[in-house]
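Trainee: Got a sequence here, can you model it:
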Amino acid sequence: MNKPEREKQKRFFMTDKNIKLPEIAVIIAMTESGLIGNGDKLPWKSSLDFEWFKKNTMSWPMIFGRKTAAGMPVFPLRNRPCAVVTNSYDTEIKPAIDNHGSYLSFGQGPFFNSLGETLRFYKNFDKIFIAGGTTLYNYAMQLKQPWFELLGTPNGDKPLVDTIIKTVFPDGYVTGDKYLDNNTIKLMGEPYFKRVSYQEYRIDSSNTIFNNFTLRHEENQEIISMPARHKLSKKDTPFSTIRFEIWNRINENSGK
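Mentor: Sure, this is the predicted structure:
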């Protein structure tokens with residue numbers, strides 16, 4: 001799209017101020033240094049983080065990269081619309097079944113060539129989750145593309161991501177090879193976002209029970225009901241602490 005066409009399209013979309021934009025949320029589990037994966041899988045097991053993830057995302061659309069989706073034990077997730085962003089899905093397509101269209105080799109679900117196409121597919125929802133992996137997180141956080149191009153909606157110059165929902169594990173307990181870009185880590189905190197909710201779990205001396213050590217809601221924020229105590233399963237990585245945080249973008253002129 002050349003510059004005159006771009007400006008014309010921008011003016012057109014900016015005329016309708018009544019269009020409600022979806023909240024775009026990133027949900028991520030990471031170590032303090034930004035490790036998020038080992039190959040195409042998670043480098044840890046955490047039933048407590050699984051509970052946090054499920055409670056935050058249930059019923060909302062989820063967007064994954066192809067490698068992340070293919071590495072999941074089950075795809076799509078139960079009771080959540082799930083889509084895949086991929087530029088190399090040709091060899092992943094299986095023939096249409098029961099008149100439901102083609103599907104990916106690792107599970108049924110819509111797939112798109114770009115994040116913009118995927119967001120437009122779900123734009124009538126109030127909230128959309130971006131759930132990894134590394135390439136998709138880096139792209140979403142560093143995206144410069146205006147909203148009017150990405151979603152066909154007004155408020156063209158705002159950043160994409162509104163909310164970051166984090167699980168933070170301490171370093172030194174696991175190894176892996178997938179790290180967030182340093183610039184992405186920087187963009188996930190102050191001064192771009194403000195932490196509005198914080199919960200920390202600490203493991204007991206027997207390494208079997210997580211206790212909810214602190215719960216702080218720094219602004220009016222919907223409380224995610226998490227247990228006061230959580231027993232580790234046999235497969236869980238026994239981290240010393242686990243933090244659950246919610247960060248909201250500091251909006252200056254976003255119009256949202």
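Trainee: pretty sure G189 is touching W247, no?
Mentor: Yes: judged on CB atoms under 8 Å, G189 makes contact with W247 at a distance of 7.2 Å. Any C-beta I mention is one placed from the backbone N, CA and C, and that applies to glycine too.
Trainee: more crowded one of those two?
Mentor: W247 (23 against 14; other CB atoms under 10 Å).
Trainee: Against V196, how distant is the more buried one?
Mentor: Separation of W247 from V196 (CB to CB, to the nearest Å): 7 Å.
Trainee: same thing with K158?
Mentor: 19 Å.
Trainee: And for P227?
Mentor: On the measure of CB to CB, P227 and V196 end up 21 Å apart.
Trainee: Now do the contacts for G65.
Mentor: By CB atoms under 8 Å, 6 or more residues apart in numbering, the contact list for G65 reads V84, V85, T86, G132, G133, T135, L136.
Trainee: ok, 10 Å please
Mentor: 40, 71, 84-87, 115, 130-137, 139 (CB atoms under 10 Å, 6 or more residues apart in numbering).
Trainee: repeat for T135
Mentor: G65, R66, K67, T68, V85, K178, D181.
Trainee: Using CSV, write down the CA coordinates of the helix or strand harbouring it.
Mentor: Element membership of T135, judged by DSSP states H and E, is helix 134-142. Written as CSV, here are the backbone C-alpha positions of helix 134-142 (Å, rounded to 0.1, in the frame of the first residue of the first chain):
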residue,chain,number,x,y,z
THR,A,134,9.2,-16.7,20.8
THR,A,135,8.7,-15.3,17.3
LEU,A,136,5.1,-14.4,17.9
TYR,A,137,5.8,-12.8,21.3
ASN,A,138,8.7,-10.7,19.8
TYR,A,139,6.7,-9.7,16.8
ALA,A,140,3.6,-8.7,18.8
MET,A,141,5.5,-6.7,21.4
GLN,A,142,7.7,-4.9,18.9
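Trainee: Can you list the buried residues in that helix?
Mentor: T134, L136, Y137, N138, Y139, A140, M141 (16 or more other CB atoms under 10 Å).
Trainee: How about stretch 60-74?
Mentor: 60-72.
Trainee: what number of residues lie near the nearest residue to G71 once chain neighbours are set aside?
Mentor: Of all residues not flanking G71 in the chain, D40 sits nearest, at 3.4 Å (CB to CB, 6 or more residues apart in numbering). Using other CB under 10 Å, D40 has 15 neighbouring residues.
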